[in-house]
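Asker: My questions are about this predicted structure, shown below with the sequence.
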Amino acid sequence: MKRIGIAGAGVLGRLLAWQLSRAGHAVTVFDPAAGPEAPATGSLTGNSAHAAGFTAAGMLSPIAELDNAGPEIARLGWRSLALWRGIADELRAEGCSAPLFEQRGSLMLAHGADLGAARRVLARLETAPSLAAELPAPQPLHRAALAALEPALAPGLHAWLLPGEAQVMSCDMLHALAVHAPNVHWCWGERVERVESGVLHVAGEGPVRFDLAVDVRGVNSVHPRATCGVTPSRGRQQRPGEAGSALAVGGEMAVRGVRGEVIWLHAPGVTLQRPVRLLHPRHRVYIVPRPGDLFVVGASEVESEDRSPVSLRSAVELMAAAQSVIPELAEARIVHMEANLRPALPDNEPHTHVEPGLLRINGLFRHGWLLAPALVVDAVARLESEDPHPNPLPPAGEGASTPRSTHAGARPSLPRPSGERAGVRGRPEPTPEAQQTH
Ligand SMILES: Cc1cc2nc3c(=O)[nH]c(=O)nc-3n(C[C@H](O)[C@H](O)[C@H](O)COP(=O)(O)OP(=O)(O)OC[C@H]3O[C@@H](n4cnc5c(N)ncnc54)[C@H](O)[C@@H]3O)c2cc1C
């Protein structure tokens, strides 16, 4: 068993905590958020400083993301889809009753005049034969087929079914990962100022030692040293997931925030079975159905670290595009608007940095939900391969048995960080048995 300290309880932090604690490690997580719950909805004011993972629509679209990303992202994403399915199954088996994952494919749409953008995505698949062999082919849908599949969509749209694409219910999944992670010590309301090999420097507390320190603070992991002096690499191009030009001294990453805005609509009576994405020369607009007659419409992409409320321009453009795709949304009620920052590195690709006692993952940008499980599996494998005394870890979500004890009394005691500080503040979360639903 290793003592692992994680800075950040977003998508990566919670997934790592869930997986590593199930493998028997003593995990402590620090995050400035007040608790594991999703932030309140319905407010149009105030700056959102919570995890980007809560704001995300949760689209898992490796094929459609070829519009913005390269083939390696599509490959990682395709692997992650199967992992998310397994993770959702495991959480359900552990008593989580919330819908967490849906896999019914997605639709790529274009109005008549905007076929170019759609053709670019299709061409990317065709010009990468190995990718085309790994991913299912987009299926063009004629008018009648589209009307049969999704009757609410406007007639006359060009449409392709992207089989296998899926969605994760981001807020419910983040909550479930936290409350069902066994014996993790969650230190809410605690900010980590710096992460070094084997040490988390916690604000107001000082250094706390672990066998492994993990830095998954997303946008806020910017360290002054990392924001300057980063030289673009001129050598071999880095593959997504490898550490490279995005790193400054000591593995710190030159992270920037990229603003994204979403709007939640409530539209009882409007039915959409799967996420749809409208390709347009200026906007990439998606509509993602959620339980409770909700639709998440997103997302803008603005090179700015402004977390202030959604702009009028983005709201008008996103909603106009959504209504052009589903005319019945005209009577929908706007129940929530939110802006947040996607953590991005200079090359807009994810990077993992491993050294003894230290793991950093960042730069998940637009694809955090799409990529996180595969990145976590790969990072854990790298840690194990460099560890002379590894604890074997089960692959997340692949149904592997876990070394969890069957009754509370037989559980290992709560993890405590060692070193300068005897313990940590914060109340341990209830065990899964104490809180079966959420
Ligand atoms: C509008 C929008 C829509 C999106 N839609 C999608 C989508 O449909 N599909 C998809 O795959 N991705 C989507 N994304 C991207 C995805 O949300 C991110 O890539 C993902 O959340 C990144 O995960 P992360 O764990 O690195 O960071 P985050 O999820 O942002 O988590 C970082 C965590 O670190 C904590 N933290 C910050 N500072 C500190 C500190 N000093 N000490 C300790 N903890 C700290 C934060 O409180 C937070 O909990 C979207 C993002 C946005 C903004």
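Answerer: Received, thanks.
Asker: any idea where the helices of this structure begin and end?
Answerer: With DSSP state H applied, the chain shows helices at 11-22, 52-55, 71-93, 115-126, 129-134, 143-149, 170-179, 312-325, 368-385, listed in chain order.
Asker: My guess is Gly218 contacts Val255. True?
Answerer: Yes. Contact criterion C-beta atoms under 8 Å: Gly218 and Val255 qualify, at 7.4 Å. To be clear about C-beta, it is placed using only N, CA and C from the backbone, and glycine gets the same treatment.
Asker: hey, what's in contact with both of these two?
Answerer: Listed contacts common to Gly218 and Val255 are Pro343, Asn362; contacts here mean C-beta atoms under 8 Å, 6 or more residues apart in numbering.
Asker: residues near Gln273, how many?
Answerer: Using other C-beta atoms under 10 Å, Gln273 has 14 other residues around it.
Asker: With adjacent residues omitted, what lies nearest to it?
Answerer: Arg104 (5.6 Å; C-beta to C-beta, 6 or more residues apart in numbering).
Asker: Tell me which residues touch that neighbour, please.
Answerer: Neighbouring residues of Arg104 by C-beta under 8 Å, 6+ apart: Ala166, Gln273, Arg274.
Asker: What are the buried residues along stretch 61-73?
Answerer: Of all the residues in stretch 61-73, those buried under the rule 16 or more other C-beta atoms under 10 Å are Ser61, Pro62, Ile63, Ala64, Glu65, Leu66, Asp67, Ala69, Gly70, Pro71, Glu72, Ile73.
Asker: Flag the least confident of these.
Answerer: pLDDT across those is lowest for Asp67, at 80.
Asker: count of neighbours near Glu196?
Answerer: Applying other C-beta under 10 Å, we find 15 other residues in the vicinity of Glu196.
Asker: Please look at it and Asp215 and confirm they touch.
Answerer: No. Look at Glu196 against Asp215 with C-beta under 8 Å: they stay out of range, at 9.1 Å.
Asker: do you know how far Leu177 is from Leu141?
Answerer: According to C-beta to C-beta, to the nearest Å, Leu177 and Leu141 sit 35 Å apart.
Asker: who's more crowded, these two?
Answerer: Leu177 (25 against 21).
Asker: list the residues that contact both of Glu196 and Asp215?
Answerer: Listed contacts common to Glu196 and Asp215 are Leu358; contacts here mean C-beta under 8 Å, 6+ apart.
Asker: Trp264: what's its closest spatial neighbour, skipping adjacent residues?
Answerer: His336 (3.9 Å).
Asker: can you check Pro138 too?
Answerer: Trp160 (4.1 Å).
Asker: Thought His142 was touching that neighbour, still the case?
Answerer: No. At 11.0 Å, Trp160 does not count as touching His142 under the criterion of C-beta under 8 Å.
Asker: which one of the two has more residues nearby?
Answerer: Trp160 (24 against 9).
Asker: dump the residue contacts of the more buried one.
Answerer: Applying C-beta under 8 Å, 6+ apart, the residues near Trp160 are Leu107, Met108, Ala118, Leu122, Pro138, Gln139, Pro140, Leu141.
Asker: Return the most buried member of the helices of the chain.
Answerer: Comparing those by mean neighbour count (mean count of other C-beta atoms under 10 Å), helix 11-22 ranks first with a mean of 27.
Asker: now the angle between helix 71-93 and that one, please.
Answerer: 50 degrees (axes from the mean of the first three to the mean of the last three C-alpha atoms, to 10 degrees).
Asker: So which other helices or strands are in contact with helix 11-22?
Answerer: Counting contacts by 3 or more C-beta pairs under 8 Å, 6 or more residues apart in numbering; DSSP states H and E, helix 11-22 is packed against strand 3-7, strand 26-31, helix 170-179, helix 368-385.
Asker: Any idea how far the third one is from the middle of the chain?
Answerer: In this case it means helix 170-179. Relative to the chain's own centre, helix 170-179 is displaced by 11 Å; criterion: C-alpha atoms, centre = their mean, to the nearest Å.
Asker: so it versus helix 368-385, what angle?
Answerer: 30 degrees.
Asker: and the stretch 51-200 of the chain, which residues reach the ligand?
Answerer: Ala51, Ala52, Gly53, Thr55, Ala56, Ala57, Gly58, Met59, Arg191, Val192 (C-beta under 6 Å from any ligand atom).
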